[in-house]
Every structure is written in structure tokens, then in C-alpha cells.
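> Build the 3D model from these lines:
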Amino acid sequence: MAQGLMISVSGIRGVFGTSLTPENVLKYATYFGIYCQMKQSEKLPKDLSTENRKIQVVIGRDSRLTGRTLCYAVRSALISVGCNVIDLGVVATPTLLFSTKELHADGGICITASHNPAQWNALKLCSDRGMFLFPEEVQQFHQIMENKIVYADWDKQGQVITNYDMIQSHIDKILSIPYVNNEKIYKKKFKVVIDSVNGAGGLISPYLLKKLGCEVININEQPTGIFAHNPEPLGKNLQQLQEAVLSNKADIGFATDPDVDRLSIISNKGEAIGEELSLVLAAKYVLSRKQGDIVTNCSTTMAIEDIADFYRRSVYRTKVGEINVGKKMLEMNAAVGGEGNGGIICPEVNYTRDACAGMAIILGLLAEEDLSISQIVDQIPKYFITKDKVELQNVDFNKVVQQLQEFYFNQTIDKTDGLKIIDDNYWIHIRKSGTEPIIRIYVESDSQDKSNSLCLEAKTRLILSMQKKLK
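Below is the predicted model:
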């Protein structure tokens, strides 16, 4: 199946040179500059205009080899409609989002395909809040693209400036999280192995960890864009990190994806504990230190409810997608949130997934509990997740969901995001991916055999439903 351009709240994403080209990147970035101008003009009194104030857009990229090419296209697009560009260079996505807010810019563009393979790239669009565009803003942006482009006059072109100081500002912000006891972490002198998968993480993660007094062992730290392994930080991709933790007798191992918004953990025993537990461990520490509830998505482990129940707090679930969780956190003034893919959101830093903030929080937990990470994990109720996927064919996914419901008429149905089937001791979540042309199937239960069986059954039923809709 040809890889088409994926357009969703997760950005404009595709395979470089086929679905995602400098030409269509130029178009989207140009319209984003116009969108930022329109949003700014809406905020000004009617007797003022944006003519005397240049719109500022922050841009940055992960280390992918195609990032430089797309960066030039984005720069040209924005200055052609009169926007000034603040180029951060190669940075973590959470650094760019934080910087957009910190620098009081009007918007931002992250050039990254996050966890996707190296041939992919994307534009992720950011508002002046330092968060990705809300779903309704994405819709508004695409409506603007129906209009004709009006370029700035020859004497009103934008300018490009570089700013390479924001990584340090981001680190300083993380070190100021009020409930994380930096002094206690520093005294522990944790030995940490960090796998940055040759992404942007090598430019921030080791420096943060050293500021926290850690002995840091780096692997794949150079931001070459030639990823040492599949960049999604799943346990099956982290064998090198597991071996490094064991051989160095480290206290913990951290793995990030190329743009540093996902965090996976390797225990002191060299075991991948599963990216699902990153948020669970963070929530365990945060709720022990501050009041507030948890926000997460529909695909996150049931263990998050166990943590919330222990601290007598509530869990609010949203559609999958960082912005859906972040937006709900803003509304609820939540203490912590994130997603079961390793995404941890610490509102004291920003309402966005941030692997580096997650590292500080996890080390805070380690220092406070005075136990090894494997001992802490053993205290958490055990569930078993099975994940699978089906290639998205030329079908109406909503109609497929309607067909699927017939198989699950005895169970509780949640249609917040695709189809989630909920029973007493398991759940099945079937949803269309916003980052790849696939339908995802996630199952969690109290045994691995049960999860495997339920997942196979759900996959079979999904394929049958799709075949009926293709006829």
C-alpha cells in the first residue's frame, strides 16, 4: 500500500520524497504563517494592526537527515509572508514547545516524525500556548488553506535569527519542578544509561542527568539521524540498552525517541519494564507530593486507576493524542498526565509530553522510595498488554466500527476514540492511527495468554468487518 500524507492533530506526516515533499511542506508552512497572523490580529484591538509588529514563529527539528531540507523550506515559507523566524536548530520537541511559550512567539513548527522510521518526517504545528494546535484550531488552519496566498511586499519580508540557548532554559525549567527533590537525587549519585537513538536527545538528556548528579553512560548519543535501531522506544528495540545497564551495573536505563517526547525505562535488572509504566511511575511520585487528578488516553494501562485509587484521586480519559490529553489537563488543572506510549506531561514545565521532565520525576521517585526501580515496579499491580495492527484499507473506519459492535453486544462500549470494549478484567481498544496508515488494536487483561487471545480474536473480527465494507 502506498504511504499517503497523514494529516491529523499529530501533524502533517509522510515519507520524504513521496507523500511529504519540500513542495507541500512549503505550502503548509506558508499557510501556517498566515494562520499565525490571523490569530494575532484577532487578539488585538480593532484600532491596531499587525503591520508594525512582525509575527514570530519558532522552528526546530530532530536529527533526521531530511530535516535540514525541510527546515529551509519552512524558513522560506514563513519569511515570504512576513513572519520572523527563530530557528533553534536540532532540539527536542518539548524544548521547542517550551520555547514558543517562553519567547512569547506567535507559533511554532516542529520538523519531526517522532517515533516513525528515518524515512518519515513531519510538520507539527504549535500555538502561542506552547502546545500543539487544538483540534478546532487544526480545522480552522485547514479552512484558511482554501484561501489564496498573499505574500508580503518586497520590503516587508521576514528575517531569520538563530537561538541555541533554549536547551539550557528548558533544563533550568525542569530543575525548578517544585516537588522534585534535586538535592536528594544529587546525593544518590545514580548511575544511568541513556539511549538517545541518535536523535535530538543526545543534546539535552545527558546534560540534565549530570546536573542531577548522575553518572551518565551514553549510547547512540550523537544526533546523526542514522538511528541505531527502530526509533520507537519499545522493549523489543532496546536490547542494546538492556545489555548496557547490566554490564555497567547501572541503577536505571532511559530510552527516548528521536524527538524526546517518549520515555521508556530499563530496570536495574536489565529488564524493559514497558513504556506503559513510565506514566504510572511518574503519577505514583507526583500524587504523593501534590494534590490533583490524572488525565490520560483511552489506551493507557488500568494500573493508572490503581495509582489514582490509592491516593483517592480520579482519572480522566481522552482520545489518543498528546494535545487531547494536554487540553483536558488544562481544563481540569490536573496534577499529572500523559499517554501509555511513554509520554509524561508535567504541567510545571509545560502541558506537553516531555521525556526529560519524566526522567527528573522518575529519579525523584527513586530517591524518595530508597528502593531499586525493579522493587518499585514489583509494587504496582501487574497487567498484560498485547498490541497489534491492521493495514488501513480504502474503507470508512466509522462504518467498520459500527460493524464491529455487533460482536461485542454484551460488553460496555466506549466510543470516545474508535471502539473500546470494556469488561470486568480486560479492555480492547481499536482505533485508527493518526501517525501511520494503520488501525491499532490494544488489549489489556490480567494474563498474557488472555490478552494474546483477545487481541487475535479482535484482529480477526476487524478484518472480517473491513472485508464486508469493501464489498
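> Now do the contacts for the residue nearest to Arg129 when sequence neighbours are not counted.
Nearest non-adjacent residue to Arg129, counting by C-beta to C-beta, 6 or more residues apart in numbering: Lys101, 6.4 Å away. Every residue, glycine included, has its C-beta placed from N, CA and C. The contact partners of Lys101, taken as C-beta atoms under 8 Å, 6 or more residues apart in numbering, are Asp128, Arg129, Gly130, Asn350.
> Can you report how many residues lie near the first one?
Here the neighbour count serves as a burial measure; for Asp128 (other C-beta atoms under 10 Å) it reads 21.
> on that earlier part again, and the residue nearest to Arg129, how close does it get to Thr18?
From Lys101 across to Thr18, the span is 34 Å (C-beta to C-beta, to the nearest Å).
> cool, Cys346 as well?
Relative to Thr18, and taking C-beta to C-beta, Cys346 is found at 37 Å.
> So between those two, which is more surrounded?
Cys346 (27 against 12).
> Was I right to think that one contacts Thr352?
No: using C-beta atoms under 8 Å, Cys346 is not in contact with Thr352; the gap is 9.1 Å.
> any idea how far Tyr28 is from the residue lying closest to Thr300 once chain neighbours are set aside?
The spatially closest residue to Thr300, leaving aside those adjacent along the chain, is Gly340, at 3.6 Å (C-beta to C-beta, 6+ apart). Distance, Gly340 to Tyr28, using C-beta to C-beta: 29 Å.
> Which residues are in contact with Ile323?
Going by C-beta under 8 Å, 6+ apart, Ile323 touches Val9, Met131, Phe132, Leu133, Phe134, Pro135.
> Where neighbours are concerned, which of those residues has the most?
That'd be Phe132 among those, by other C-beta under 10 Å, with 28 neighbours.
> Look at the closest residue to that residue other than its chain neighbours and give its secondary structure.
Excluding the flanking residues, the one nearest Phe132 by C-beta to C-beta, 6+ apart is Ile323, at 4.4 Å. Here Ile323 is recorded as helix under DSSP: H, G, I helix; E, B strand; the rest coil.
> Could you check how far Ile323 is from Cys36?
The value you get for Ile323 to Cys36, if C-beta to C-beta is used, is 17 Å.
> With Val150 instead?
Val150 is 14 Å from Cys36, by C-beta to C-beta.
> The two: who's more crowded?
Neighbour count, other C-beta under 10 Å: between Val150 and Cys36, Cys36 has more, with 27 against 10.
> That one contacts Gly107, correct?
Yes: with contact defined as C-beta under 8 Å, Cys36 reaches Gly107; the gap is 4.2 Å.
> Now for the two: what residues contact both?
Common neighbours of Cys36 and Gly107 (C-beta under 8 Å, 6+ apart) are Ile55, Val57.
> So for the helix or strand encompassing Ile362, mean pLDDT?
Element membership of Ile362, judged by DSSP states H and E, is helix 355-369. Mean pLDDT, computed over helix 355-369, is 97.
> Stretch 200-209 too?
Averaging pLDDT along stretch 200-209 yields 98.
> Please apply the same query to stretch 35-51.
70.
> ok, back up a step: the residue nearest to Thr300 touches Thr296, doesn't it?
Yes: assessed by C-beta under 8 Å, Gly340 is found in contact with Thr296 at 7.0 Å.
> Give the residue from these two that has the larger number of neighbours.
Thr296 (29 against 24).
> In a helix, the more buried one, correct?
No: using three-state DSSP, the assignment for Thr296 is strand, not a helix.
> how far away is it from Val90?
On the measure of C-beta to C-beta, Thr296 and Val90 end up 30 Å apart.
> and what of Ser99?
13 Å.
> Likewise for Asn24?
23 Å.
> Leu287 now?
35 Å.
> between these two, who's got more neighbours?
Val90 (24 against 20).
> So the more buried one versus Lys468, what's the distance?
On the measure of C-beta to C-beta, Val90 and Lys468 end up 47 Å apart.
> How about Gln405?
Distance from Gln405 to Lys468, by C-beta to C-beta: 13 Å.
> The two: which has the busier surroundings?
Gln405 (15 against 12).
> Isn't Ala77 up against Gly33?
Yes: in this structure, Ala77 is within contact of Gly33 by C-beta under 8 Å, at 6.4 Å.
> so how many other residues sit close to Leu366?
So Leu366, with other C-beta under 10 Å, has 23 neighbours.
> contacting residues for it?
Ile185, Lys188, Phe190, Asp251, Ile252, Ser372, Ile373, Ile376.
> go again using 10 Å as the cut-off
184-185, 188, 190, 192, 251-252, 268, 281, 285, 372-373, 376 (C-beta atoms under 10 Å, 6 or more residues apart in numbering).
> now for those, which pair is the farthest apart?
Lys184 and Asn268 (18.3 Å; C-beta to C-beta).
> who's more crowded, the two?
A direct count of neighbours by other C-beta under 10 Å for Lys184 and Asn268 places Asn268 higher, at 19 against 15.
> and the gap between that one and Ile252?
In terms of C-beta to C-beta, Asn268 sits 6 Å off from Ile252.
> okay, and the common contacts of those two?
Phe190, Lys191, Val245, Leu366, Ser372, Ile373, Ser374.
> Got the phi and psi for Gly107?
phi 180, psi 180 (degrees, to the nearest 10).
> my read: it touches Leu133, true?
Yes: between Gly107 and Leu133 there is a contact at 8.7 Å, judged by C-beta atoms under 10 Å.
> Mutual contacts of those two, please.
Common contacts of Gly107 and Leu133, defined by C-beta under 10 Å, 6+ apart, comprise Phe32, Tyr35, Leu125, Cys126, Ser127.
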